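S.K.: Fold the following and give me the result.
(one chain, ligands or ions: 1)
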Amino acid sequence: MLKQQTSVVVLEQPSITQPPSSYVSPQSRFRSLLSRHSSTRDYEMPSSLDLSDHNKSYLNNPWHYEQNHLASDEKTIRKVASAPNTKKLFDKAMTKPALTTPTLQKLKSLRRTYSSNSVKIKRIEVGPSSFAKCKLLGRGDVGKVFLVRQTTSDKLFAMKVLSKKEMIKRNKIKRVLAEQEILATSNHPFIVTLYHSFQSQDYLYFVMEYCSGGEFFRALQSRPGKCLDEDASRFYAAEVVAALEYLHLMGFIYRDLKPENILLHETGHIMLTDFDLSKEAIPRHEPSIVKSSSPNTAETNIKPTEYISPEIIKGCGHSCAVDWWTLGILLYEMLVSRVVIREKKAWERDTDNALLKYGTTPFKGSNRNETFSRILRIDVAFPDPARLPSAKAPSANCKLIIRKLLHKDEHKRLGSRAGAADVKAHPFFNTINWALLRHQDPPIIPTPSSDADAVNFRRMKESSSFDLQKDSKKKFYIEGDDNPFTQFSSVTLHHDGDSDTDVEE
Ligand SMILES: Nc1ncnc2c1ncn2[C@@H]1O[C@H](COP(=O)(O)OP(=O)(O)OP(=O)(O)O)[C@@H](O)[C@H]1O
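M.R.: Numbers count the residues shown, from 1 in each chain. Now for the predicted structure:
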């Protein structure tokens, strides 16, 4: 008998099982491309972007050949779960008359193709002088983040400039290399997009997508009561879960989830940033997990905040489960602690609930040691709604998921068995449509930012002014061993679907 043939269309999705042996991870593809294209060769940065000349020079560039060759070999588009075919949606919508500007903006922002193979790594096409500084957006330990405008395209970007001197002084070289690798290999709607990275004699540069909605917790401050209801908290927690799931699938532990590192896209969706603490995860079947022998986190250099997990404090190694712990703290902070701060006086009088009187996060103490000791010993507690008339009590499922995420034993913590699948399956997330998350309207829509006004950012004063033009005139590369940043690659990343960065093949 003739067997009836069935044709099945399979939408490839990131798999949580072991990849096939022929599978080349985006990270190894990135590493091998960069190692074959010796990192010393890509420092001749054009002082301004001239694509015509640049393209000509590509003709004799074996590395460029390799890129095209690889690109044509790897045409399969692998869709990630949270990324429906938005290009089709966009093209269809464009043929309809009278679309409102917000709808158009939303569609435009959705038309990127989110798959690891849709990113093309190219030789660097810009330098410091390709951008003009507009505003200081933020400051970190070793660098600053500026809003910049690309002079040729007029497009706005966020430019992170890191001082090599400071990084050497603070022993942060490995961290910046990890950050570059994660940013360059990630392609997800909830992870900030990297367009260019390069270095000058004194600085390292990351040119990223500008998240005009500003910091998530700054947006929260402008909410009545400075807190979120459970539905809104669930929405942001779900977006964070989707981003963490992606990072874990890519083999990274984020390790630095906290409100300051969640930015808002102009549409209001979240964007994770700041990957300098992230680590490559060691697969489960191997005996050890990321080791940190120091009990006080000095070796891992994880900032001692109240987001820190018990296993990091103990310094006996940690795994992806640290990210689920921080999700628990974030959820608690979104829902509960803002209320506690508002009612702080009442709580301070309440000796039974003294543990909660400090507000902000469930384990915060009056100093670092007290916070650490609470993280290790105290179970999470919730305010009694009868005593807090202005607060709506979190639902039973909400308290349950927080308790499970904040399990002190990382092996028993929610997410430690099957990763994000465990967390997504918890009844707290029953109402979340994971596949359409990026198409839902976020609870907070940031104030529209016209041009470079950066209305959603704090006004910041630059103490010493940093000059992009001056930096571009300096020697770009120090030969040999003098440059400990040799492995920091100068690359431009093209993303399918970003019309003006689309690459012709
Ligand atoms: N892509 C972006 N779009 C808009 N603003 C951004 C962007 N990236 C960073 N910022 C702003 O700059 C601030 C500092 O950024 P980031 O945390 O990445 O710097 P950092 O030097 O790594 O800091 P840290 O020392 O905390 O690691 C952020 O809190 C945010 O306000």
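
S.K.: how about the residues of the protein near the ligand?
M.R.: Applying C-beta under 6 Å from any ligand atom, we find that the chain lies next to the ligand at 137-138, 140-141, 143, 145, 158, 160, 192, 208-211, 215, 260, 263, 273-274, 276. C-beta coordinates here come from the backbone N, C-alpha and C atoms, glycine included.

S.K.: Okay, and which of those map to strands?
M.R.: Taking DSSP state E, the ones among these that sit in strands are 137-138, 143, 145, 158, 160, 208, 215, 263.

S.K.: Would you mind giving these as JSON lines with neighbour count and pLDDT added?
M.R.: Below are those laid out as JSON lines (neighbours: other C-beta atoms under 10 Å; pLDDT from 0 to 100):
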{"residue": "Leu137", "neighbour count": "24", "pLDDT": "93"}
{"residue": "Gly138", "neighbour count": "20", "pLDDT": "91"}
{"residue": "Gly143", "neighbour count": "23", "pLDDT": "89"}
{"residue": "Val145", "neighbour count": "23", "pLDDT": "94"}
{"residue": "Ala158", "neighbour count": "23", "pLDDT": "96"}
{"residue": "Lys160", "neighbour count": "27", "pLDDT": "96"}
{"residue": "Met208", "neighbour count": "20", "pLDDT": "96"}
{"residue": "Glu215", "neighbour count": "21", "pLDDT": "92"}
{"residue": "Leu263", "neighbour count": "27", "pLDDT": "96"}
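
S.K.: residues in contact with Ser233?
M.R.: The contact partners of Ser233, by C-beta atoms under 8 Å, 6 or more residues apart in numbering, come to 331, 334-335, 398.

S.K.: Mind putting those residues into a markdown table with neighbour count?
M.R.: Formatted as a markdown table, those follow (neighbours: other C-beta atoms under 10 Å):
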| residue | neighbour count |
| --- | --- |
| Leu331 | 24 |
| Met334 | 22 |
| Leu335 | 26 |
| Cys398 | 22 |
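
S.K.: of all those, which comes closest to the ligand?
M.R.: Nearest to the ligand out of the contacts of Ser233 is Met334 (C-beta to the nearest ligand atom; 17.5 Å).

S.K.: That closest one contacts Phe235, doesn't it?
M.R.: No - using C-beta atoms under 8 Å, Met334 is not in contact with Phe235; the gap is 10.1 Å.

S.K.: Quick one, which of the contacts of Ser233 has the minimum pLDDT?
M.R.: Ranked by pLDDT, the contacts of Ser233 bottom out at Leu335 (82).

S.K.: Is that residue part of a helix or strand, or is it coil?
M.R.: State at Leu335, reduced to three classes by DSSP: H, G, I helix; E, B strand; the rest coil: helix.

S.K.: wait, it sits on Cys227?
M.R.: Yes - between Leu335 and Cys227 a contact is recorded at 6.9 Å, counting by C-beta under 8 Å.

S.K.: Neighbours of the residue in the stretch 401-505 of the chain that the ligand sits nearest to, how many?
M.R.: With C-beta to the nearest ligand atom, the shortest gap between the stretch 401-505 of the chain and the ligand falls at Phe457, namely 6.3 Å. Using other C-beta atoms under 10 Å, Phe457 has 20 neighbouring residues.

S.K.: OK, contacts around it?
M.R.: Applying C-beta under 8 Å, 6+ apart, we find Phe457 in contact with 135, 137-138, 147, 214-215, 218.

S.K.: mind redoing it with 10 Å?
M.R.: Residues in contact with Phe457 (C-beta atoms under 10 Å, 6 or more residues apart in numbering) are 135-138, 145, 147, 211-215, 218, 449.

S.K.: Ok, Gln440 next?
M.R.: Per C-beta under 10 Å, 6+ apart, neighbours of Gln440: 235, 238-239, 268-269, 432-433.

S.K.: Phi and psi next, for it.
M.R.: Main-chain torsions, Gln440, degrees, to the nearest 10: phi -90, psi 150.

S.K.: now Lys120
M.R.: According to degrees, to the nearest 10, Lys120 has phi -110, psi 130.

S.K.: Any idea how many residues pack against the residue nearest to it when sequence neighbours are not counted?
M.R.: Nearest non-adjacent residue to Lys120, counting by C-beta to C-beta, 6 or more residues apart in numbering: His494, 4.4 Å away. Residue crowding around His494 was assessed by other C-beta under 10 Å; the count is 17.

S.K.: Can you verify His494 is assigned to a helix?
M.R.: No - His494 is assigned strand when assessed by three-state DSSP, not a helix.

S.K.: these two touch, right, it and Ser118?
M.R.: Yes - the pair His494 / Ser118 is scored as a contact, 9.0 Å apart, by C-beta atoms under 10 Å.

S.K.: In the helix or strand containing Val176, which of the residues would be classed as buried?
M.R.: According to DSSP states H and E, Val176 maps onto helix 173-185. If you call a residue buried by 16 or more other C-beta atoms under 10 Å, then helix 173-185 has these buried ones: 173, 175-185.

S.K.: Stretch 437-446 now?
M.R.: When burial is assessed from 16+ other C-beta under 10 Å, stretch 437-446 yields the following buried residues: 437-438, 442-444, 446.

S.K.: ditto for stretch 487-501
M.R.: For stretch 487-501, the neighbour count (16+ other C-beta under 10 Å) marks 487-498, 501 as buried.

S.K.: So, low pLDDT: which residues of the protein?
M.R.: Low-confidence segments of the chain (pLDDT under 70): 1-111, 115-116, 224-226, 282-304, 336-360, 384-392, 463, 475-482, 499-505.
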